[in-house]
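1. structure for this input, please:
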Amino acid sequence: MPLLPEDLFHRPIPLVPHFSPRPWGGERLKSALGKRPPPELGRVGESWELSDHPDGPSFVGGDSPAAGMRFGDLARAHPREMIGAEWAPERYPILVKCIDAAERLSVQVHPSDEWCRRTGHPDRGKSECWYVLHADPGAQVQLGFRAKVDPEAVRSAIAEGRLSDLLAFFPISAGDFITIPPGTVHAMLEGTMVCEIQQSSNTTFRLFDWGREPRRELHIEQALEVANLDPECTPPIRHVGGVTRAGDDAPSRLVTLLRGEHFGVTLFDLIPGGSVGQADVAGPRGSVISVVHGSGILCGRDWEQPLKLGDTLFLPAAMRSPGLEADPQSGIRLVVTECVEG
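-> Next comes the predicted model:
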């Protein structure tokens, strides 16, 4: 591994995503976010912006001396500078994606870490959350059930093609924040694009795939084993509104969206034309910033990093809190993710 300069860890680290083709994928990752997946992949539904998962790692980008390295390899080679620890885990625990659903995803559910340990499943459990980047007029999300059901009722509904009669659907719009704990039966529906923050896991159990052709494997029994069938346990959708000032004298706004067992998520707003000398986006264990609205410039003592919608960067633990300037027309909104696992 080449010797890397110390100042590499005093500035943001740009990332090159892994692109994942999906039968329900669309064109918005390219048209709205400026992503450039290889044409031979066909319909791309996901860009794994920050990933240390073996199914799709992301890489260091830009003109960094570490360009071309896997993000996880850099974290393990320089744990103190990257994540503020003496050592880095075999797999960085967080995965950040952008997802474009031109068609509806399957009705699915993810297991917990406890279930994976108990059953010897090789991957981790999956807790996730979504910040909605775009929603077509009338767009919805499927979350949980309308009423409490038992496994046999779900099996019968799947066999008869009427599972949707049991499911709960909710309207969504850009700016909504949706928390999906393990065991939550859910489906992202057509006309939706999100920034997803999740545990580093690729385990999904499909209950129902809407009659899609060609048919994909379902995992009904595994799904029912891990699913929570009580609608009282479905978390509410939170709408955080547009980019606004925090008060008459404050151009920025910091909102805690989630403080979970695995990661914390906050939202940082800066009004059009606003600037702050120290944006509260860096953390002692490193942080991931995702630009979910607008554009701007992140700046340090001897560097500037332009930011645009769809960008994802890692801020190393060794980096000081940067300054931030917002575009005079759009302002800027960042979703900031920090790992909180021990």
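2. need phi/psi at Phe162.
-> No, residue 162 isn't Phe; it's Arg. Here is the backbone geometry of Arg162 (degrees, to the nearest 10): phi -130, psi 30.
3. now it: how far from Glu225?
-> Using Cβ to Cβ, to the nearest Å, Arg162 is found at 22 Å from Glu225. (C-beta placed from N, C-alpha, C; glycine too.)
4. neighbour count winner among these two?
-> Comparing Arg162 with Glu225 by other Cβ atoms under 10 Å, the one with more neighbours is Glu225, at 15 against 11.
5. now the helix or strand in which the more buried one is found: buried residues?
-> Using DSSP states H and E, Glu225 maps to helix 220-226. Neighbour counts over helix 220-226 (16 or more other Cβ atoms under 10 Å) mark 220, 222-224, 226 as buried.
6. what about stretch 150-168, distance to the chain center?
-> Put simply, stretch 150-168 sits 29 Å off its chain's centre (Cα atoms, centre = their mean, to the nearest Å).
7. give me the distance between the two termini of it.
-> Length of stretch 150-168, first residue to last, Cα to Cα, to the nearest Å: 15 Å.
8. before we move on, back to that, run through the neighbouring helices and strands of the helix holding Glu225.
-> Applying 3 or more Cβ pairs under 8 Å, 6 or more residues apart in numbering; DSSP states H and E, we find helix 220-226 packed against strand 107-109, helix 151-159, strand 205-208.
9. can I get those in TSV including mean neighbour count, distance to Leu167 and mean pLDDT?
-> Output for the helices and strands packed on helix 220-226, formatted as TSV (neighbours: other Cβ atoms under 10 Å; distance: least, Cβ to Cβ, whole Å; pLDDT from 0 to 100):
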stretch	mean neighbour count	distance to Leu167	mean pLDDT
strand 107-109	23	7	98
helix 151-159	15	9	97
strand 205-208	22	9	98
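10. how would you label the closest residue to Leu267 other than its chain neighbours: helix, strand or coil?
-> Nearest residue to Leu267, sequence neighbours excluded (Cβ to Cβ, 6 or more residues apart in numbering): Val255, at 4.4 Å. Counting by DSSP: H, G, I helix; E, B strand; the rest coil, the backbone at Val255 sits in strand.
11. count of residues packed around Val255?
-> 14.
12. go on, the one 4 residues further on?
-> If you count neighbours by other Cβ under 10 Å, Arg259 ends up with 11.
13. so what's it up against?
-> Shown in contact with Arg259 (Cβ atoms under 8 Å, 6 or more residues apart in numbering): 265, 340.
14. tell me the spacing between it and Ser330.
-> Computed as Cβ to Cβ, the Arg259 to Ser330 distance reads 28 Å.
15. again with Val141
-> Per Cβ to Cβ, Val141 is found 26 Å from Ser330.
16. same check on Glu338?
-> Counting by Cβ to Cβ, the gap from Glu338 to Ser330 is 25 Å.
17. likewise for Leu3?
-> Counting by Cβ to Cβ - Leu3 and Ser330 are separated by 40 Å.
18. tell me which of those two has more neighbours.
-> For the pair Leu3 and Ser330, the greater number of neighbours falls to Ser330 (17 against 5), based on other Cβ under 10 Å.
19. what helix or strand is that one located in?
-> Following DSSP H and E, there is no helix or strand that holds Ser330.
20. need the contact list for it.
-> Each residue near Ser330 by Cβ under 8 Å, 6+ apart is listed here: 243, 272, 293-295.
21. could you export those as CSV, including pLDDT?
-> Below are the contacts of Ser330 laid out as CSV (pLDDT from 0 to 100):
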residue, pLDDT
Val243, 81
Pro272, 93
His293, 97
Gly294, 97
Ser295, 98
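22. what's the closest of those residues to Glu27?
-> Within the contacts of Ser330, the smallest distance to Glu27 is 19.9 Å, found for His293 (Cβ to Cβ).
23. any low-confidence regions in the stretch 1-150 of the chain?
-> Scanning the stretch 1-150 of the chain for pLDDT under 70 picks out the ranges 1-2.
24. could you pull out the strands for it?
-> 13-16, 18-26, 44-50, 59-60, 94-101, 107-109, 128-135, 140-145 (DSSP state E, counting those that start in this stretch).
25. looking at those, which is nearest to Ala174?
-> Among these, strand 128-135 comes nearest to Ala174, with 5.5 Å by Cβ to Cβ.
26. understood, closing this out.
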